[in-house]
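> Below are the sequence and a predicted model; questions follow.
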Amino acid sequence: MLVRLKTSFAEERERWVLWLAPTQGVGVVLYFSLPEEPGTWVAGLGWLLLLASILLFRRKHTILLLLVGVAFLLLGYHAAQLRTALVAAPQLTRDIGPVDLEARVLAAEPLTRGYRLLLTDAVVEGLSREETPFRLRLSVPALEFAPAPGALVKALVGLRPPAAPAAPGDYDFARAAWFQQLGAVGFAYGRPEVGEVAVRAGVTAWWRNFWAALRQEINGRVVEVLPGATGGVALALITGSRGALPAQELEEVRDSGLAHLLAISGLHVGLVTGMIFLTVRAAFSLWPAVALRYPIKELAALIALGGAGAYLLLADAPIPTQRAFMMTALALVGVLVGRTAITLYTVAWAAIAVLLWAPESLLSASFQMSFGAVVGLVSAYEALRQWREGRLARRGPRRGWERPSLYVGGVIFTSLIASLAVAPMTLHHFSHLPLYSLLANLIAVPVTGVWVMPAALLALLAMPLGWEQPFLVMMGWGVDVILAVASFVAGLEGAVLRLRSMASWGYGATVLGGLWLCLWRRTWRLLGLLPLVVGLGSFTWASPPDLFLSGDGRLVALRSAEGSLLFNSRRIARFTAEQWLARAGVEEAGLLPASGELLWPDLACDDYGCILSRAGLEIALVFSGEALEEDCRRADIVLATIAVPRGCGEGPTAPHIVIDRRDLRRGGGLTLWLEEGGRYRLERVAHQRGNRPWSGFGS
C-alpha cells in the first residue's frame, strides 16, 4: 500500500506546486491559533534554520521538496505576523456616549434607513489622541444624503469597541476590525452636521477619495431609479454595497442559495470582462484598418483587463473580487501569450497572492467559499474535459438543437458542483444549508448573465451622459425576477437544512479531504472522500452547549434535552441570539419560564434567577441580589449578571465556580457543557482568543 501511494505521488509530480497555497494557508492558521503574540525573533530564527537545512540537504531531493513546503508555511506565518504589526491602530476599550464627535468621511454606504459612515481623523470628547481610533464606523439613520469623501461631520454619538465573539469559537468581528484599522463602531443621535470638504494631500488619498466619491455617486443614482429591495440588490451587484437590502429579502436570498450573487466574485467579474472583451473585439473586427494591421484579440484582452481593474476598485476590492480579478488577469495574460486561460495553477497563484496581501482573509467565510467554489469547479471541469472531447470526436459536430441543452446542462452542472464545494463552509460558518439552491440557480444565474449584468454595464457606461435610467429600469426587472425566485424557493417546505456546528477538527478534515479530492488527478484522489465524510459527520460528536451567557451578562440561553433554546429576553442582542441558535442547529427559540412556572423538570425560575439541575450538578443563574445567599450555599456553579461579593466563593459549601458581571467584562462570554457524573466543561471567549492585539476587553 505504501509503495502504491509513493508511486502515485511520484506520478503526480506536475501537481505538487498546487499544494504550495494550502501549505502557506497552514502557516497563516498556525499564527492565528497561537495563544500569545509571538516575538519578532521567531521570524529570523525560522528562516535561518530553513536556510541551514537547505544548504545541508541540497542534494537530497525528497528532503529539499519538504523544505520548499516549510518555506511556504513560514511565508504564510510571517506574512500574517507582519500584516498584524503594519495595521496596528488604537481600538476603543469601553462603551462611551453620548459624546461629541468630529471626523472626516472616508466613505458612505446607503442602508435601508440612513447611511453608514466610515470616518477618520476623529476628535472624540473624553478621548486623548493616543486613545482615539484611527477609523470609526457610524450608523446614521437620520442622514438623508451621502456626505462627500473628506466632508467634516459633527455629531452626538454612542461608541463601543468592535464586538468580541458571541461565544467561544464564533465569528470574531474585533479581529476583522483590527485588520481594517477600525477601532470603534456606533450610532449617531439625531441628524449630524455636515461641513466643508477637505481631502488629505497626496496621490494615495486622492486616488482613494476618487473611487469613494464615484462609488457614492453611482449608489445615489441607482437608488434614485431603483428604490427598496430591487435597488439594494442592484447596489450589491454594481458597487458591492449590501447595506440597503432589507433583512427579509436578504434572508430569502440566503435561504434560497443565491447569496453568492450578492458578492462580486468570479461570475460578475467574468461576465463584465467577457462582455467588454467580446464587444471591443467585435468593434475592431468591423474596422478593417485596425483588424488587418493590429492583433485585435490581444488589444481586446488589454482593454478588458482595464475594465476588470476598474470594477475591482469600484467594488472596494473585497476578497472574492480580488480572487476573481487575479484569476481574470491571469486568464487574459494567457490570451496574450496563447496559453490555457483558467486552470488550477491559476487558482493556486491567485490564492498565494491574496494570502500575501491579506493573510487574515483566510479565516473569513468569503475567502473559503470563494476559493472552495472555484477549486471545485475547475477540478470538475478538468475531469470532464477529456470525456467530452472523446465523445464529441466520436459523434462529430454538434447539432443545432444540442446547444440549448448543453447550456442548461452546464448551468445545472456548475450549480451542483459549486453548491457541493461550498457546503462544508456553509455548514461550518452558518450552520445551515439551502437544499433547493440548484432550482434557484437554474433560473437566477442565466437571468443574471444575460439580463442583469449586461444592463448594469450599459447603465455604468451611460452614466457620464446621464442616460442610465432606461438601463437601470431594465436591470431592475431582472433583479425582480431574482428576488421572486428567492422568495419562492426560500418559502418551500424544508428549504433549509439546519445542523449544529461541526467540530473544529472535523472542519479541518473536511478541507483536507476536499483539497485531496480536487488537487490530485489520478485515482488515489478518491482517498480524500474518507476525511471528507468523517469531517462532515463530526457534528454528531460535537454536542451544543447546555448554557450560553453573553459577555455583557444581558443575554442567557439554556438548552433543553430536546435541543431547543430558551432565552431570558427577545429584545436584546439579536445578532448574539442568532449566533447561538446557529451553533445549536435550531431555528426558533422560546423564553425562560416566568415566576413559578416549571417548563422542564430540571429547570425552575423566579424573579431573581433560575436553577438548572442536570447531570448531577446544580447551576444557579442569578439576576438579582436577593437570590445570592441561598445560591452560594447550595449551587455547584453560580453565574451572575450582577456583581457577586467575594464571600460567595469561600467556605466548605462554596460553589466550584463563581462568575459575575466583572468576570464577564474581563473574560467575555462563556459556554457550559454538563456531562454525566457531575462533570462539566466551561469555555470562555478570552481563553479561546488568547492574548492577541485584537482581543482586549474593557475593565
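Structure's in. What do you need? Residues are numbered from 1 along each chain as shown.
> where exactly do the strands run in the stretch 401-550 of the chain?
Applying DSSP state E, counting those that start in this stretch to the stretch 401-550 of the chain gives strands spanning 432-434, 496-498, 547-549.
> Mind putting those strands into CSV with distance to Phe179, mean neighbour count and mean pLDDT?
Every C-beta, even on glycine, is put in place using the N, C-alpha and C of the backbone. What follows is the strands of the stretch 401-550 of the chain, written out as CSV (distance: least, C-beta to C-beta, whole Å; neighbours: other C-beta atoms under 10 Å; pLDDT from 0 to 100):
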stretch, distance to Phe179, mean neighbour count, mean pLDDT
strand 432-434, 27, 21, 86
strand 496-498, 31, 16, 86
strand 547-549, 27, 25, 91
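> if we compare the ones you listed, which one ends up closest to Pro35?
Taking C-beta to C-beta, strand 547-549 is the member of those nearest to Pro35, at 22.2 Å.
> now for that closest one, which elements pack on it?
When contacts are defined as 3 or more C-beta pairs under 8 Å, 6 or more residues apart in numbering; DSSP states H and E, strand 547-549 packs onto strand 556-559, strand 670-675.
> Which of the helices and strands in this protein ranks last by mean pLDDT?
When the helices and strands of the chain are scored by mean pLDDT, DSSP states H and E, helix 41-56 comes last with a mean of 73.
> buried residues in it?
46, 50, 53 (16 or more other C-beta atoms under 10 Å).
> got the contact list for that helix?
Helix 41-56 has contacts (C-beta atoms under 8 Å, 6 or more residues apart in numbering) with 63-64, 67, 70-71, 74, 77-78, 81.
> could you flag which of these are buried?
67, 70-71, 74, 77-78, 81.
> Just give me the closest of those residues to Leu292.
For those, the nearest to Leu292 is Ala71 (49.8 Å; C-beta to C-beta).
> quick one on the thing from earlier: quickly name whichever of the contacts of helix 41-56 is closest to Glu11.
Of all the contacts of helix 41-56, Leu64 has the smallest distance to Glu11: 19.4 Å, by C-beta to C-beta.
> gap between that closest one and Leu73?
As judged by C-beta to C-beta, to the nearest Å, Leu64 and Leu73 stand 15 Å apart.
> do Ala167 as well
Counting by C-beta to C-beta - Ala167 and Leu73 are separated by 30 Å.
> Who has more neighbours out of those two?
Regarding Ala167 and Leu73, a neighbour count based on other C-beta atoms under 10 Å identifies Ala167 as having more, with 27 against 22.
> pLDDT wise, what is that one at?
pLDDT recorded at Ala167 is 86.
> Leaving out sequence neighbours, find the closest residue to it.
Counting by C-beta to C-beta, 6 or more residues apart in numbering, Thr671 is the residue found nearest to Ala167 once chain neighbours are left out, at 5.2 Å.
> For the one you found, which residues are in contact?
167-168, 545, 547-549, 682-683.
> Now do the buried residues in stretch 689-699.
Here stretch 689-699 shows 689, 692, 694-697 as buried, counting by 16+ other C-beta under 10 Å.
> what does that stretch rub up against?
34-37, 84, 88, 91, 93-95, 161-162, 164-165, 172, 174-175, 177-178, 551, 665-668, 686.
> quick revisit: in strands only, show me the buried ones among the contacts of helix 41-56.
Using DSSP state E, the subset of the buried ones among the contacts of helix 41-56 located in strands is empty.
> Dump the residues you listed to TSV, plus distance to Ile611.
Formatted as TSV, those follow (distance: C-beta to C-beta, whole Å):
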residue	distance to Ile611
Leu67	59
Val70	54
Ala71	57
Leu74	53
Tyr77	48
His78	51
Gln81	47
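> Now, the residues you listed that are in helices?
Mapping the buried ones among the contacts of helix 41-56 onto helices (DSSP state H) picks out 67, 70-71, 74, 77-78, 81.
> Looking at those residues, which is nearest Phe367?
Using C-beta to C-beta, Tyr77 comes nearest to Phe367 of those, at 17.1 Å.
> Which parts of the stretch 51-200 of the chain are strands?
96-110, 115-124, 135-140, 151-160, 182-197.
> In terms of pLDDT, where does the nearest residue to Val489 once chain neighbours are set aside sit?
Spatial nearest neighbour of Val489, excluding adjacent residues (C-beta to C-beta, 6+ apart): Ser256 at 3.9 Å. At Ser256, the model reports a pLDDT of 92.
> Ok, Glu597 next?
pLDDT at Glu597 comes out at 57.
> Which of the three states applies to the residue nearest to Gln81 when sequence neighbours are not counted?
Closest residue in space to Gln81, ignoring its immediate chain neighbours: Tyr31 at 5.8 Å, by C-beta to C-beta, 6+ apart. Of the three states, Tyr31 takes helix under DSSP: H, G, I helix; E, B strand; the rest coil.
> Equivalent analysis for Ser569, please.
Applying three-state DSSP: Ser569 is coil.
> How many neighbouring residues does the closest residue to it other than its chain neighbours have?
Nearest residue to Ser569, sequence neighbours excluded (C-beta to C-beta, 6+ apart): Leu555, at 6.6 Å. Residue crowding around Leu555 was assessed by other C-beta under 10 Å; the count is 22.
> try Ile96
18.
> And it, how close does it get to Gly158?
Distance from Ile96 to Gly158, by C-beta to C-beta: 7 Å.
> Also Trp211?
30 Å.
> Could you check which of the two is surrounded by more residues?
Counted by other C-beta under 10 Å, Trp211 and Gly158 do not tie: Trp211 has more neighbours, with 19 against 16.
> Return the distance of the residue of the chain most remote from its centre relative to Ile296.
Distance to the chain centre peaks in the chain at Ala289, reaching 49.1 Å (criterion: C-alpha atoms, centre = their mean). Distance, Ala289 to Ile296, using C-beta to C-beta: 11 Å.
> What sits closest to Ile352 if chain neighbours are left out?
Counting by C-beta to C-beta, 6+ apart, Ala21 is the residue found nearest to Ile352 once chain neighbours are left out, at 5.0 Å.
> doesn't Ala353 make contact with that neighbour?
No - judged on C-beta atoms under 8 Å, Ala21 makes no contact with Ala353 at a distance of 9.4 Å.
> quick one, which of the two is more surrounded?
Set Ala21 next to Ala353 and count neighbours by other C-beta under 10 Å: Ala21 wins out with 24 against 16.
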